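Undergrad: Sequence and predicted structure below; questions after.
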Amino acid sequence: MRKIVVLFTRNPFLPRLATAALLTWCVSCGGSAAEVRLSGTPDHVVLQTYDATIPEILSALRLTFNLDVKLNGATARRFTGAYIGSMRQALSRLLTHQRLRPPL
C-alpha cells in the first residue's frame, strides 16, 4: 500500500497582511484617546484637556466635584489646553478658547 503525502506550502503573504492590519489598527486606536485631568477645588481648578469633547469634560467635572451640569446643544469640537481659575473662570476660558498655556 502506497501513502500519498501532500505538502502544503504556506503563503507568507497572509500572515504579513494580518500583522500589518493589526499594527495599523493598534496605532490608529492608540492616538485618538481623549484625556481630561482635573485638580484643585471648585474655587481654584486646574483643568487640562487633550482632544476632549464638552461631554467628556463635563463628565470629569461631575465625577470630580459632584457637579450637576446640564448641556443644551452639542458641538463636535475638541479641546486641548490648560484652563486655570475658579470653576466659572475655567469653564468660561474653555468656551471662549482662552488657553493659559500650551497643551499638555
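TA: Everything's here; your move. All figures in this text were calculated on a predicted structure; none of them were measured in a lab.
Undergrad: correct me, but residue 85 touches residue 44?
TA: Yes. Counting by Cβ atoms under 8 Å, residue 85 touches residue 44, with 7.3 Å between them. Every residue, glycine included, has its C-beta placed from N, CA and C.
Undergrad: More neighbours: which of those two?
TA: Applying other Cβ atoms under 10 Å to residue 85 and residue 44 shows that residue 85 carries more neighbours, namely 17 against 13.
Undergrad: Enumerate every residue touching that one.
TA: Going by Cβ atoms under 8 Å, 6 or more residues apart in numbering, residue 85 touches 44, 45, 93.
Undergrad: Out of these, which is nearest to residue 70?
TA: Using Cβ to Cβ, residue 45 is the member of the contacts of residue 85 that lies nearest residue 70, at 18.9 Å.
Undergrad: quick revisit: so which of the contacts of residue 85 belong to strands?
TA: 44, 45 (DSSP state E).
Undergrad: could the contacts of residue 85 be laid out in CSV, adding pLDDT and distance to residue 36?
TA: Formatted as CSV, these follow (pLDDT from 0 to 100; distance: Cβ to Cβ, whole Å):
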residue, pLDDT, distance to residue 36
44, 92, 17
45, 90, 12
93, 87, 15
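Undergrad: Contact partners for the closest residue to residue 43 other than its chain neighbours?
TA: Using Cβ to Cβ, 6 or more residues apart in numbering and skipping the chain neighbours, the partner closest in space to residue 43 is residue 86 (5.7 Å). For residue 86, the contacting residues are 42, 43, 44, 45, by Cβ under 8 Å, 6+ apart.
Undergrad: What's the per-residue pLDDT of the second one here?
TA: Same thing as residue 43. pLDDT, residue 43: 91.
Undergrad: how close does it get to residue 93?
TA: Distance, residue 43 to residue 93, using Cβ to Cβ, to the nearest Å: 15 Å.
Undergrad: Between these two, tell me which one has more neighbours.
TA: In this view residue 43 and residue 93 are compared by other Cβ under 10 Å, and residue 93 has more residues nearby, 18 against 9.
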